[in-house]
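Undergrad: A structural model of the following input is requested.
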Amino acid sequence: MATVLRTWTGVLVVGGALGAGATQCALMPSLDGFSGSQGVPDASPADAAGEGGGDGGTEGGDSGRWCASLSPAPLFCDDFDDQGPFTRWTDQYVRSGGTVARDGTAFRSAPNALLTLSPSSIDPSSAFVYLSTADTKSKVHVAYDMRIDSRDPTTGYAEVNELRFDTPGLAFAIYLRVFNDPNTSTTVVSEAYLPDGGVPSHEVALAGNPRFDGWRRVGVDIDLASTPHTVAVTLDGKAAGTVTLEPSLYAPGPVRMQLGIAYTGHPTTSTWAIRYDDVTIDWQ
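TA: Numbers count the residues shown, from 1 in each chain. Here you go, the predicted model:
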């Protein structure tokens, strides 16, 4: 599928740097040698409920502080239960009226989840928190609970939860593309941005065409150390899709994880509302 390279402009909202004392939690055993990745299932605090996951404050398994309750610990975790600014993250980014906030009306672990909103706009909209690394990484594992509360019926899709690798002279991104049309498959997309402006891309449909109308546990593994390079996605602990990447275009580098709405088409007439909980990130 041909993909057009977009220019990212917007409002940068200053948050805080990731502190050394950030609370941590556990990951699935998908990347050998990762801290916290030994023998711990990639699941939310309640058993994964699939598309039929319930609403409201009664959902979830813990009364709070999900990250602190799990051991061993990975490199990063946020259950969004602390109050105040998103100090565990490097920063947050919004444009065209997008917002990110803690919200206590629905969650996977009490008392809060992250709610990202992309409202009606004539311009593309974004709303996410992000975590950046300074050092080169070759393997990354991300897991999170996700649910879509509302979609804009006039835009084709939203691109969410983007992982970016910024290598010298070349950058690439991996994200989920969630379509409005229930007959169009949800996909995992990888794009390499070439110096001449070309954007070679891969797009693979996820098994079962997840709609995220209920809570789903998503896991994403990127392996740029082995040959072939691969991206593997799981849903509720089950394999959902794999992408094979060209080693010449997809190379290790500093990582930026953008949790939330990276891009919506334009114009929009109503709000995309997507919430997240219990996110874990590990790398090497």
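Undergrad: wait, what's in contact with Ser150?
TA: With contacts defined as C-beta atoms under 8 Å, 6 or more residues apart in numbering, Ser150 is in contact with 270-273. Quick note: C-beta positions are derived from backbone N, CA and C, even for glycine.
Undergrad: Any idea how many residues pack against Arg102?
TA: 17 (other C-beta atoms under 10 Å).
Undergrad: What sits closest to Pro182 if chain neighbours are left out?
TA: For Pro182, the nearest residue in space outside its immediate sequence neighbours is Arg211; the separation is 6.4 Å by C-beta to C-beta, 6 or more residues apart in numbering.
Undergrad: helix, strand or coil for that neighbour?
TA: The three-state label for Arg211, taken from DSSP: H, G, I helix; E, B strand; the rest coil, comes out as coil.
Undergrad: Report the contact partners of it.
TA: Contact partners of Arg211, counting by C-beta under 8 Å, 6+ apart, are 51, 148, 178, 182, 186.
Undergrad: If you rank every helix and strand of the protein by mean pLDDT, what lands last?
TA: Confidence across the helices and strands of the chain bottoms out at strand 11-13, with a mean of 35, counting by mean pLDDT, DSSP states H and E.
Undergrad: Can you report how many residues neighbour Pro168?
TA: With neighbours defined by other C-beta under 10 Å, the count for Pro168 comes to 7.
Undergrad: Likewise for Tyr193?
TA: Residue neighbour count, defined by other C-beta under 10 Å, stands at 20 for Tyr193.
Undergrad: Just the pLDDT at it, thanks.
TA: In the prediction, the pLDDT value recorded for Tyr193 is 91.
Undergrad: distance of the residue with the largest distance to the centre of the chain from Leu170?
TA: When distances are taken from the C-alpha mean of the chain, Asp196 lies farthest, 28.0 Å away, according to C-alpha atoms, centre = their mean. Distance, Asp196 to Leu170, using C-beta to C-beta, to the nearest Å: 11 Å.
Undergrad: just Tyr276 next, same as before
TA: From Tyr276 to Leu170 the distance is 29 Å (C-beta to C-beta).
Undergrad: How about the contacts made by Arg164?
TA: Taking C-beta under 8 Å, 6+ apart as the definition of contact, the neighbours of Arg164 are 171-173, 255-256, 258.
Undergrad: Neighbour-wise, which one of these leads?
TA: Most neighbours among those, by other C-beta under 10 Å: Gln258, with 25 neighbours.
Undergrad: how far is the helix or strand where that residue lies from where the chain is centred?
TA: Here Gln258, judged by DSSP states H and E, is contained in strand 255-264. In terms of C-alpha atoms, centre = their mean, to the nearest Å, the centre of strand 255-264 is set 6 Å apart from its chain centre.
Undergrad: try stretch 192-201
TA: The answer for stretch 192-201 is 22 Å, by C-alpha atoms, centre = their mean.
Undergrad: picking that back up, which neighbours in the sheet does the helix or strand following the strand holding Gln258 have, and how are they oriented?
TA: On the C-terminal side of strand 255-264, the nearest following helix or strand under DSSP H and E is strand 272-283. On the basis of DSSP bridges, the sheet neighbours of strand 272-283 come out as strand 76-78 (antiparallel), strand 113-118 (antiparallel), strand 139-150 (antiparallel).
Undergrad: With distance to Thr280 and mean pLDDT added, can I get those strands in a markdown table?
TA: What follows is the strands paired with strand 272-283, written out as a markdown table (distance: least, C-beta to C-beta, whole Å; pLDDT from 0 to 100):
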| stretch | distance to Thr280 | mean pLDDT |
| --- | --- | --- |
| strand 76-78 | 5 | 95 |
| strand 113-118 | 14 | 97 |
| strand 139-150 | 5 | 97 |
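Undergrad: Need those in CSV (columns: distance to Glu203).
TA: CSV is the format used below for these (distance: least, C-beta to C-beta, whole Å):
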stretch, distance to Glu203
strand 76-78, 28
strand 113-118, 21
strand 139-150, 19
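Undergrad: The closest residue to Pro195 other than its chain neighbours: neighbour count?
TA: In space, Pro195 comes closest to Gly169 once its chain neighbours are excluded; the distance is 6.1 Å by C-beta to C-beta, 6+ apart. As a burial measure, the neighbour count of Gly169 was computed by other C-beta under 10 Å and equals 7.
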